[in-house]
Structure formats: structure tokens, C-alpha cells
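Novice: Whatever this is, show me its structure:
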Amino acid sequence: AVAFDQKPADFADSTFQSSRTDDQLFESISQGKNNMPGFSAQLTPEQIRGVVSYIRMLGNRKDP
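Specialist: All right, here's what the predicted structure looks like:
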């Protein structure tokens, strides 16, 4: 991530979580966005929905 021009998203950040719908996340994962390639050739739609669910779970984590 240090080599990227754009800093990767912090999936645990509440601002990030509230600024994107599940459909937007699905589209970004499928088709890619900025420096990130799309993964529609490697993942099924069901697997991509699982990644979206995982991203949402990260937003629900509470640090001690």
C-alpha cells in the first residue's frame, strides 16, 4: 500500500462504511476502481457478496 499513489480505504472507518452502498462495493470489487483491478473473473457473484459482507463486518468491529 505504501507504493500506491492513493491510500487504500479503511474498511473499519465509519465514514467509509456510511459513504458506500453494498451495490457500490460490489461494483468496485467486480470491476475495479482506481489502482485496484476488478475480480469478476476470479470470484463468483456470491463470493463477491461474501467480500461485501466481510467489509461490512469490519465496520462493526469495536476496538477495546
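
Novice: how far does the helix or strand of the chain with the lowest mean pLDDT sit from the chain's center?
Specialist: Here the helix or strand of the chain ranked lowest by mean pLDDT, DSSP states H and E is strand 36-37, holding a mean of 88. From the chain centre to the centre of strand 36-37 is a distance of 11 Å (Cα atoms, centre = their mean, to the nearest Å).

Novice: contacts for the following helix or strand past it?
Specialist: Under the assignment DSSP states H and E, the closest C-terminal helix or strand after strand 36-37 is helix 45-59. With contacts defined as Cβ atoms under 8 Å, 6 or more residues apart in numbering, helix 45-59 is touched by 11-14, 16-17, 22, 25-26, 29-30, 39-40, 43. (Each C-beta comes from the backbone N, C-alpha and C, glycine too.)

Novice: Let's have the residues you listed in JSON lines, adding pLDDT.
Specialist: Below are the contacts of helix 45-59 laid out as JSON lines (pLDDT from 0 to 100):
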{"residue": "Phe11", "pLDDT": "91"}
{"residue": "Ala12", "pLDDT": "91"}
{"residue": "Asp13", "pLDDT": "91"}
{"residue": "Ser14", "pLDDT": "90"}
{"residue": "Phe16", "pLDDT": "91"}
{"residue": "Gln17", "pLDDT": "92"}
{"residue": "Asp22", "pLDDT": "97"}
{"residue": "Leu25", "pLDDT": "97"}
{"residue": "Phe26", "pLDDT": "98"}
{"residue": "Ile29", "pLDDT": "96"}
{"residue": "Ser30", "pLDDT": "97"}
{"residue": "Phe39", "pLDDT": "97"}
{"residue": "Ser40", "pLDDT": "96"}
{"residue": "Leu43", "pLDDT": "97"}
